[in-house]
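Trainee: coords please:
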Amino acid sequence: MEQKVNLAEKFALLDGPYKPGIVGYLNDYKLQVVKVLGPFVWHRHEETDDFFLVISGRLTIHLRDRDIELGPGEPYVVPRGVEHCPEATEETLVLLIEPDGTPNTGDAGGPMTAAPRSI
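Mentor: Okay, the predicted model is just below:
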């Protein structure tokens, strides 16, 4: 990143829920912003952990054995191979960090899989 990034401006460029935008890179990792509203899909990432940082709103990360509730400023890392399903009952803004090339739907695929795009 050659210049600073204003996350509020980047969130405003998103088309809707679960359509992430890449705002930068850190080594081989992409920094993405995403709006979350409603449930996502159950999925896992076999090769990588999944980092979530809530910027605003409230996010529930459902795991098979419990739910993780996150508010603004709270991060959580889903360990590699752990099935999870993010969900928000109000629009929630989240920063994600994951290896470049990692699909947002992990092993689930399907219509919610977003093509990588920089914003």
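Trainee: where do the strands of this structure begin and end?
Mentor: 21-26, 29-39, 50-56, 59-63, 67-70, 75-78, 84-99 (DSSP state E).
Trainee: closest one to residue 3 among these?
Mentor: strand 21-26 (9.5 Å; C-beta to C-beta). C-beta: built from backbone N, CA, C; applies to glycine.
Trainee: now the angle between strand 84-99 and the closest one, please.
Mentor: 50 degrees (axes from the mean of the first three to the mean of the last three C-alpha atoms, to 10 degrees).
Trainee: list the buried residues of strand 21-26.
Mentor: 21-24 (16 or more other C-beta atoms under 10 Å).
Trainee: for stretch 5-14, same thing?
Mentor: Of the residues in stretch 5-14, those buried by neighbour count under the rule 16+ other C-beta under 10 Å are 10-11, 14.
Trainee: cool, and stretch 69-80?
Mentor: 70, 76, 78.
Trainee: and the spatially closest residue to the last one that is not a sequence neighbour, how many neighbours does it have?
Mentor: Spelled out, it's residue 78. In space, and not counting its chain neighbours, residue 78 is closest to residue 50: 4.2 Å by C-beta to C-beta, 6 or more residues apart in numbering. If you count neighbours by other C-beta atoms under 10 Å, residue 50 ends up with 22.
Trainee: with the one 3 residues further on instead?
Mentor: Residue 53 is flanked by 17 other residues according to other C-beta under 10 Å.
Trainee: you'd agree residue 16 is up against residue 35?
Mentor: Yes: between residue 16 and residue 35 there is a contact at 6.7 Å, judged by C-beta atoms under 8 Å.
Trainee: the two: which is more packed in?
Mentor: Neighbours per residue, other C-beta under 10 Å: of residue 16 and residue 35, the larger number sits with residue 35, 19 against 8.
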